[in-house]
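Trainee: predicted structure and sequence below. I'll ask about it afterward.
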Amino acid sequence: MTELGALLVPILVTTIVVFFLSALVHMAPLWHRNDYPALPDQERFRAAVGPLDIPPGDYMVPRCEKMSEMKGEAFQQKITEGPNMILTVLPRGEMGMGAQLGKWFVHVLIVTLFAAYVAGAALPPGAEYLSVFRFAGTTAFAAYVLAVWPMSIWFRRGTGLALKESLDGLIYALITAGIFGAMWPG
């Protein structure tokens, strides 16, 4: 077993590297460029929906109050007619990313802490590079990727987006594994 305190340097290095790499992956014109295309006739949509002043949050349209209503003729007609959507409404104003970047940094730190904990619980100081790589990488991969898929399964978010986010998670896990393998205490 390797104490978590002995892994503070790889934890911090990994968190910083993954954080900046993720920024590069999302800002560079690579595979995330078209994750959220413009809505067809978005100006007409904005004109129709804007006056409703929908508070920030997640919504489903149409939505019934009780499960029993889902089988009813009125609800089935709404489903048939459409539109059917799951909608996230963001607050009005600037689209600054400071708060989201701060939360993402904390998320990366937590994933890295879990990877360190699992690898440290399984391996002694001086463990071989590939053993460390395997434990830290598998844990990081599970944390970065497995939660992505329920959004596609249950909320019909695009499979392509889930695949791209899984590729991101694989990259972050490989970086995590490599840094821990290289910096594992002797």
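Mentor: Okay, I see it. Residues are numbered from 1 along each chain as shown.
Trainee: could you list the buried residues of the host helix or strand of Ile16?
Mentor: In the assignment (DSSP states H and E), Ile16 maps to helix 8-27. By neighbour count on 16 or more other C-beta atoms under 10 Å, the buried set for helix 8-27 is Pro10, Ile11, Val13, Thr14, Thr15, Val17, Val18, Phe19, Ser22, Val25. All C-beta atoms are positioned from the backbone trio N, CA, C, and that covers glycine.
Trainee: does that helix pack against any helices or strands, and if so which?
Mentor: When contacts are defined as 3 or more C-beta pairs under 8 Å, 6 or more residues apart in numbering; DSSP states H and E, helix 8-27 sits against helix 98-122, helix 159-183.
Trainee: can you give the contact residues for the last one?
Mentor: Going back to what we said before, that points to helix 159-183. 7, 9-10, 13-14, 17-18, 21-22, 25, 31-32, 35, 108, 111-112, 115-116, 119, 129-130, 132-134, 136-138, 140-141, 144-145, 148-149, 151-152 (C-beta atoms under 8 Å, 6 or more residues apart in numbering).
Trainee: pLDDT score for Trp31?
Mentor: On pLDDT, Trp31 comes in at 85.
Trainee: need the contact list for it.
Mentor: Lys164, Leu167.
Trainee: for the residue most central in space within the chain, phi and psi?
Mentor: Note on the chain: the residue nearest the mean C-alpha position is Val148, at 6.0 Å, using C-alpha atoms, centre = their mean. The phi and psi values for Val148, taken as degrees, to the nearest 10, are phi -70, psi -40.
Trainee: so what's it closest to, chain neighbours aside?
Mentor: Among residues not flanking Val148 along the chain, Glu165 sits closest, at 4.6 Å (C-beta to C-beta, 6 or more residues apart in numbering).
Trainee: could you dump stretch 1-16 to PDB, C-alpha only?
Mentor: Written as PDB, here are the backbone C-alpha positions of stretch 1-16 (Å, rounded to 0.1, in the frame of the first residue of the first chain):
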ATOM      1  CA  MET A   1       0.000   0.000   0.000                       C
ATOM      2  CA  THR A   2       1.200   3.500  -0.800                       C
ATOM      3  CA  GLU A   3       0.000   6.300   1.300                       C
ATOM      4  CA  LEU A   4      -2.000   9.000  -0.400                       C
ATOM      5  CA  GLY A   5       0.300  11.700   1.100                       C
ATOM      6  CA  ALA A   6       3.200  10.200  -0.900                       C
ATOM      7  CA  LEU A   7       1.200  10.700  -4.100                       C
ATOM      8  CA  LEU A   8       0.500  14.500  -3.700                       C
ATOM      9  CA  VAL A   9       3.000  15.500  -6.400                       C
ATOM     10  CA  PRO A  10       1.600  13.100  -9.000                       C
ATOM     11  CA  ILE A  11      -1.900  14.100  -8.000                       C
ATOM     12  CA  LEU A  12      -1.200  17.800  -8.500                       C
ATOM     13  CA  VAL A  13       0.800  17.300 -11.700                       C
ATOM     14  CA  THR A  14      -1.900  15.100 -13.200                       C
ATOM     15  CA  THR A  15      -4.700  17.500 -12.300                       C
ATOM     16  CA  ILE A  16      -2.900  20.400 -13.900                       C
END
